[in-house]
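1. Got a predicted structure plus its sequence, pasted below:
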Amino acid sequence: MSCVFCSILNGDIPSYKIYEDENVLAILDISQATKGHTIVISKQHFKNLYDINEELAGNIFKVVPKIANAIKNAFNPIGLNVLVNTEKPLQSVFHFHLHIIPRYYQDGVDIDFINNQGNTSQEMYKDIQKSIIENL
């Protein structure tokens, strides 16, 4: 099975390059959910966030502020989202990448979270906390 991001990295598929170093390639997302929507791709093929190591994560995430600020200076969005889809329900390309999505008034992008603050007991918080800590 071929990987579209590996094909882009190999130069087999054209892209709109924003930034490149030895670890990452940042390109405009072909969907352009909003103006300036950029994806940062690991040059090493890893399926998703579960598979990358801490060193690579650091190398990837250290360029995010640089790109975010370039987008901010270029387009003056009201804010932005940084998004990593890992497996279901939204990962569609199984090569680690993250999205930098500039946000604008009435841009039509719907990224929302359910607020369960009033529905979560202290005991449930403690159980969740314990489960995560045990797996660090």
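-> Done, it's in. Numbering: from 1, shown residues only.
2. wait, G79 sits on I101?
-> No - using C-beta atoms under 8 Å, G79 is not in contact with I101, being 9.6 Å away. (Each C-beta comes from the backbone N, C-alpha and C, glycine too.)
3. Quick one, grab the pLDDT at the residue nearest to the spatial centre of the chain.
-> Most central in the chain under C-alpha atoms, centre = their mean is L98, positioned 2.0 Å from the mean C-alpha point. According to the prediction, L98 has pLDDT 95.
4. thinking again about what came up before, neighbour-wise, which of G79 and I101 wins?
-> I101 (24 against 9; other C-beta atoms under 10 Å).
5. tell me the pLDDT at the more buried one?
-> For I101, the model assigns a pLDDT of 95.
6. Which residue is the nearest non-sequential neighbour of it?
-> Closest residue to I101 apart from its sequence neighbours, by C-beta to C-beta, 6 or more residues apart in numbering: N81 at 4.5 Å.
7. Relative to D21, how far out is the one you found?
-> Look at N81 and D21: by C-beta to C-beta, to the nearest Å, they are 23 Å apart.
8. Just want to know which of those two has more residues nearby.
-> Taking neighbours as other C-beta under 10 Å, N81 and D21 compare with N81 leading, 14 against 11.
9. Quick check: phi and psi at that one.
-> phi -110, psi 140 (degrees, to the nearest 10).
10. The residue nearest to I101 reaches I111, doesn't it?
-> Yes - here N81 lies in contact with I111, judged by C-beta under 8 Å, at a distance of 5.6 Å.
11. Mind listing the shared neighbours of the two?
-> Counting by C-beta atoms under 8 Å, 6 or more residues apart in numbering, the common neighbours of N81 and I111 are I101.
12. Determine how far the last residue of stretch 31-43 lies from the first.
-> Stretch 31-43 has an end-to-end distance of 21 Å (criterion: C-alpha to C-alpha, to the nearest Å).
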